[in-house]
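In: What follows is a predicted structure for the sequence shown.
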Amino acid sequence: MDALPELDELLSSVHVVSLPLSVRFRGVMHREAALFCGPHGWTEFSPFLEYDDDESAAWLAAAIEFGWSTPL
């Protein structure tokens with residue numbers, strides 16, 4: 001993996017979106033996501049509402065790894 005981004009770099013590239021669902025899923029009618037533009041492309045972070053901090057952190061780490069890793 002390339003160097004991890006600084007928090008300022010992540011925050012400067014983030015776009016938060018709310019996507020409506022046509023069918024209720026896990027009790028919600030929309031999904032919220034954070035989209036990041038990394039040096040190797042776009043990545044997203046959208047944990048489910050019931051995820052605790054530790055589980056959400058794992059999803060965020062995966063999103064950062066995807067956007068900041070050199071493609072194979």
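Out: Yep, it's here.
In: Point out the other helices and strands that the host helix or strand of residue 44 packs with.
Out: Assignment of secondary structure by DSSP states H and E places residue 44 within strand 41-45. Where contact means 3 or more Cβ pairs under 8 Å, 6 or more residues apart in numbering; DSSP states H and E, strand 41-45 is packed against strand 28-38, helix 53-68. Placement of C-beta: from N, CA and C, glycine included.
In: That strand vs helix 53-68, what angle?
Out: 170 degrees (axes from the mean of the first three to the mean of the last three Cα atoms, to 10 degrees).
In: where's the closest residue to residue 56 other than its chain neighbours relative to residue 71, distance?
Out: Excluding the flanking residues, the one nearest residue 56 by Cβ to Cβ, 6 or more residues apart in numbering is residue 47, at 4.2 Å. Using Cβ to Cβ, to the nearest Å, we find residue 47 at a distance of 24 Å from residue 71.
In: so the strand holding residue 44 versus strand 28-38, what angle?
Out: Counting by the same axes, to 10 degrees, strand 41-45 lies at 140 degrees to strand 28-38.
In: in its sheet, what does strand 41-45 sit against?
Out: Using DSSP bridges, strand 41-45 pairs in its sheet with strand 28-38 (antiparallel).
In: Mind listing what's buried along the partner strand?
Out: Buried residues in strand 28-38, defined by neighbour count with 16 or more other Cβ atoms under 10 Å: 34, 35, 36, 38.
In: again, but for stretch 61-72
Out: 63, 64, 66, 67, 68.
In: average pLDDT for the helix or strand where residue 22 lies?
Out: Take DSSP H and E as the rule and residue 22 turns out to sit in strand 15-25. Averaged across strand 15-25, pLDDT comes to 95.
In: Would you mind pulling up the elements that it packs against?
Out: Here strand 15-25 touches strand 28-38, going by 3+ Cβ pairs under 8 Å, 6+ apart.
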